[in-house]
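Visitor: Provided below are the primary sequence and the corresponding predicted coordinates.
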Amino acid sequence: MEGRAVNEKDPRNAPGRSDRQGMSIIEFFQLFPNDRAAEQWFEGRRWPNGLCCPDCGSCNTVETKNRKPQPYRCRDCRRHFNVRTGTVMQGSRVGYQKWLLAMYLMVTGIRGTAAMKVHRELKVSYKTAWYLMQRIREGFFGGVDPLEGTVEVDEVFIGGKQENRHVKDQERYSATDAYGKKVVVAAVERGGKVVGEVIENTDANTLTRFVEGNVQHASRVITDDHGGYTDLMENYRHRSVKHSAGEYVKDVDVHTNTVESLWSTLKRGYVGTYYKMSPKHLHRYVNEFTGRKNQRDMDTTEQLAELFDGFIGRRLKYDDLIAYNGRPSGARSGW
């Protein structure tokens, strides 16, 4: 992949910056023809300067005979380990090549990749595929530096269709009513990163807290005319467009089109790929879409590397994943 001449007409260069290098599925299997090749890639990314113990940090390590019970042992703490140890991959029986293939599908699927597709492509059970993808989404949970410059902020309601509501709710609420839906808010730095979060409501305290936690003071913040943004005047240069009056652009560059493009991608993923994003796991899908947006200018190999970096130091056990987190699964609610 390195040193390949850039062809401006090569469709693999899009989307993102014009010179980014994509990776076809054929190239993927040329780079990672088997489990050992994939394992060596993970090891090279995690330990570029040589093996170090994930438990005690010592680099005084040795390879074990026949790579059992695990391929490496720390001479100081005497613990055995592999490249999965101390990552979301720990304890997984899915092979390294399949892990990388699932990651590849995740970073190249602009509108997301359904667990059913992973189940078919990797020849694993649907339960394994679903759990695998949720673990991979953990890699997108890495923090983003506070946004600055011109930042667009907007919110969207995510939920089921009107026809899936209980008949009494259909009579009581219109198709555009937010009842029963969840709110996602996002901030996009023009030419930079994006952050998103599932919030409980759109009152001023909640929206101000989100902006204060993710945008540097004195930045130029552009929103619509929602009343929840009125408190931003104190610490930000706040401008707004009056969507309720049909105004979408003001003074040439006062608009929220950039953040709304994120909603377009998220909704297409909801409708066309996942069909359901339960309230319980909605934050994971939001992080997937914002994380992929933040990687949009990277080569595919860089996307895979950054995603794996997000695995390190994180765990997601299955029991923790399915445990009640205060939000419904949506299994019986029209989601």
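Guide: Nice, I can see it.
Visitor: quick check: the most centrally placed residue in the chain vs R67, distance?
Guide: Residue closest to the average C-alpha location in the chain (C-alpha atoms, centre = their mean): E288, at 1.8 Å. Note on E288: its distance to R67, by C-beta to C-beta, to the nearest Å, is 33 Å. The way it works is simple: take the backbone N, C-alpha and C, and place the C-beta from them, glycine included.
Visitor: before we move on, what about Q40?
Guide: Applying C-beta to C-beta, the value for Q40 to R67 is 13 Å.
Visitor: just to check, V185 is in contact with G196?
Guide: Yes - counting by C-beta atoms under 8 Å, G196 is a contact partner of V185 at 6.9 Å.
Visitor: so between the two, which is more surrounded?
Guide: The neighbour count for V185 versus G196, taken as other C-beta atoms under 10 Å, is higher for G196 (27 against 22).
Visitor: which residues touch the more buried one?
Guide: V184, V185, A186, A187, L262, V286, N287, F289, T290 (C-beta atoms under 8 Å, 6 or more residues apart in numbering).
Visitor: so where do the strands sit in this structure?
Guide: 61-63, 72-74, 80-81, 150-158, 182-189, 194-199, 220-224, 237-241 (DSSP state E).
Visitor: mind putting those strands into CSV with distance to L122?
Guide: Formatted as CSV, the strands of the chain follow (distance: least, C-beta to C-beta, whole Å):
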stretch, distance to L122
strand 61-63, 28
strand 72-74, 26
strand 80-81, 25
strand 150-158, 28
strand 182-189, 29
strand 194-199, 28
strand 220-224, 42
strand 237-241, 45
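Visitor: dump those strands into CSV; add distance to E121 and mean pLDDT as well.
Guide: Formatted as CSV, those follow (distance: least, C-beta to C-beta, whole Å; pLDDT from 0 to 100):
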stretch, distance to E121, mean pLDDT
strand 61-63, 32, 97
strand 72-74, 30, 98
strand 80-81, 29, 98
strand 150-158, 27, 96
strand 182-189, 29, 96
strand 194-199, 27, 97
strand 220-224, 40, 97
strand 237-241, 43, 95
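Visitor: out of these, which is closest to N257?
Guide: strand 150-158 (7.9 Å; C-beta to C-beta).
Visitor: so which bits of that closest one are buried?
Guide: T150, V151, E152, V153, D154, E155, V156, I158 (16 or more other C-beta atoms under 10 Å).
Visitor: out of the residues you listed, which two sit at the greatest distance?
Guide: Top of the distance list for the buried residues of strand 150-158 (C-beta to C-beta): T150 and I158, 25.7 Å.
Visitor: circling back: pretty sure the residue nearest to the centre of the chain sits against V107.
Guide: No - counting by C-beta under 8 Å, E288 stays clear of V107, with 9.8 Å between them.
Visitor: list the residues that contact both of the two?
Guide: In contact with both E288 and V107: no residue, using C-beta under 8 Å, 6+ apart.
Visitor: in the stretch 101-250 of the chain, where is pLDDT below threshold?
Guide: 160-163, 165-166, 169-179 (pLDDT under 70).
Visitor: and the closest residue to Y229 other than its chain neighbours, what does it touch?
Guide: Distances taken as C-beta to C-beta, 6 or more residues apart in numbering put T223 closest to Y229, at 4.4 Å, once the chain neighbours are dropped. Neighbour list for T223: E152, V153, D154, Y229, L232, H238, R239, S240, T256 [criterion: C-beta under 8 Å, 6+ apart].
Visitor: let me know the closest of those residues to A305.
Guide: E152 (28.7 Å).
Visitor: any idea what that closest one is bridged to?
Guide: E152 has these beta-bridge partners by DSSP bridges: V188, I222.
Visitor: how far away is it from M116?
Guide: 34 Å.
Visitor: next: R135.
Guide: Taken as C-beta to C-beta, the span from R135 to M116 is 17 Å.
Visitor: understood, closing this out.
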